[in-house]
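> Dropping the sequence and predicted coords here.
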Amino acid sequence: MRSLNILALGALLGLGAGMPAEASSSNWYNSEGGKVRLVTSGKPDEQGQIHGVLDIALKPGWKTYWRDPGDAGVPPQLDISASTNIADARLSFPPPRRHDDGYGKWAGYDRPVSLPVTFTLSAPGQPATIDADIFLGICETICIPVQTRLSVDPAADPDNATDTALVKTALATLPAPARSDFGIHVLPGDHETLVVEAYSPGDPNSVDFFVAGERDYMFGAPVRTERDGKIVFTVPILDRPSATPTDGGLYYTLTSAEGSVDGLLPFP
């Protein structure tokens, strides 16, 4: 499916940008499989951050990707370099579901989803406008890359209760931090596999594990087994950097009927 994405991208590059910034949310950008917009809560917080969401309204039967799409597509991407007084934008992701479309297994969403975004001001207290170049894949039987610019002037409508409520609701969908009774433990593996033991309250059959291939790592679909009554996921390492990074780690999300948690695991 990745080759289909590349072919489709060539036909879609240069699509028109969104309308100029006018409010705490952008206009909708319409595509074949749905529509997207940016929404913010308007006012920055005490840390000089503006909270928002990338709002993705999928049509029935269409899907989009988690932060790691496997080998099937592209994750949502956001470039704020054209913005004013915005130093950084960080996307967060609600817990995904695993899909198999016949071309490959991947993690993502098959219903409308709002991805929280945290915008950090370069100079707190100064005016800011957001001009974000958006790129994401929306898929039915094939994937269609969606590319547009969405613009927001948060100060134009700083007290919009509807937008603020949408952002608050989206933030509440994010996984909680991993804890002692709900998380993972990395087990010894080898150069070609990542092995983790997962623990969760509630029904063990509902547990699933997602790890993000970043920093030149690429992972296959996890294989679930049980060892001595414990849940173990073995994840093929399809590609890796020439040298193992020494800073940070890889994002993971663990889901179950009890909810979801996330965290960082050491680079394998």
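That came in fine, so what should we check first? Numbers count the residues shown, from 1 in each chain.
> rest of the way, CA atoms for contacts and neighbours
OK.
> quick one, phi psi at the residue of the chain most remote from its centre?
Here the centre of the chain is the reference, and by C-alpha atoms, centre = their mean the most remote residue is D228, at 33.7 Å. As for D228, its main-chain torsions (degrees, to the nearest 10) stand at phi 50, psi 40.
> low pLDDT regions in the stretch 51-200 of the chain?
71-72, 103-104 (pLDDT under 70).
> re earlier: ok, the residue farthest from the centre of the chain to R179 distance?
22 Å (C-alpha to C-alpha, to the nearest Å).
> go on, I134?
From I134 to R179 the distance is 34 Å (C-alpha to C-alpha).
> Where do the helices of the stretch 51-200 of the chain begin and end?
Counting by DSSP state H, counting those that start in this stretch, the stretch 51-200 of the chain has helices at residues 161-172.
> Which residue ranges of it form strands?
Counting by DSSP state E, counting those that start in this stretch, the stretch 51-200 of the chain has strands at residues 63-65, 77-79, 86-91, 97-100, 105-109, 113-121, 130-139, 143-152, 176-177, 183-190, 193-199.
> Let me have those strands in TSV, extended by mean neighbour count.
Shown next, in TSV, are these (neighbours: other C-alpha atoms under 10 Å):
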stretch	mean neighbour count
strand 63-65	26
strand 77-79	17
strand 86-91	17
strand 97-100	14
strand 105-109	22
strand 113-121	22
strand 130-139	22
strand 143-152	25
strand 176-177	14
strand 183-190	16
strand 193-199	20
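> surely A128 meets S151?
No: counting by C-alpha atoms under 8 Å, A128 stays clear of S151, with 11.2 Å between them.
> Tell me what the closest residue in space to I56 that isn't next to it in sequence is bridged to.
Here the nearest residue to I56 in space, its sequence neighbours aside, is V36; by C-alpha to C-alpha, 6 or more residues apart in numbering that works out to 4.6 Å. On the basis of DSSP bridges, V36 is bridged to Y29, I56.
> ditto for the one 4 residues further on
Legend: beta-bridge partners of T40 under DSSP bridges are G52.
> Is it correct that it is in contact with V53?
Yes: contact criterion C-alpha under 8 Å: T40 and V53 qualify, at 6.4 Å.
> More neighbours: which of those two?
Using other C-alpha atoms under 10 Å, the more surrounded residue of T40 and V53 is T40, with 31 against 26.
> tell me the contacts of that one?
S24, S25, I50, H51, G52, V53, P154, D163, T164, V167 (C-alpha atoms under 8 Å, 6 or more residues apart in numbering).
> Need the per-residue pLDDT for it.
T40 carries a pLDDT score of 94 in this model.
> repeat for L13
pLDDT, L13: 36.
> quick one: contacts for A87?
Applying C-alpha under 8 Å, 6+ apart, the residues contacting A87 are F119, T120, L121, S122.
> residue contacts, the closest residue to it other than its chain neighbours?
What sits nearest to A87 in space, not counting adjacent residues and going by C-alpha to C-alpha, 6+ apart, is S122, at 4.8 Å. Neighbouring residues of S122 by C-alpha under 8 Å, 6+ apart: N85, I86, A87.
> want to throw those into a markdown table with distance to T255?
Listed next are those as a markdown table, based on distance: C-alpha to C-alpha, whole Å:
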| residue | distance to T255 |
| --- | --- |
| N85 | 37 |
| I86 | 33 |
| A87 | 32 |
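> For D181, list the residues it contacts.
Y199, S200, P201.
> does the last one really touch F182, like I thought?
Yes: taking C-alpha under 8 Å as the contact criterion, P201 and F182 are neighbours in contact, 6.6 Å apart.
> before we move on, the earlier item: just the closest of the contacts of S122 to D45, please.
Of all these, I86 has the smallest distance to D45: 13.8 Å, by C-alpha to C-alpha.
> Report the contact partners of the nearest residue to the closest one once chain neighbours are set aside.
Leaving aside its chain neighbours, I86 sits nearest to L121 (4.6 Å; criterion: C-alpha to C-alpha, 6+ apart). By C-alpha under 8 Å, 6+ apart, the residues touching L121 are G48, Q49, I50, N85, I86, A87, D88, A128.
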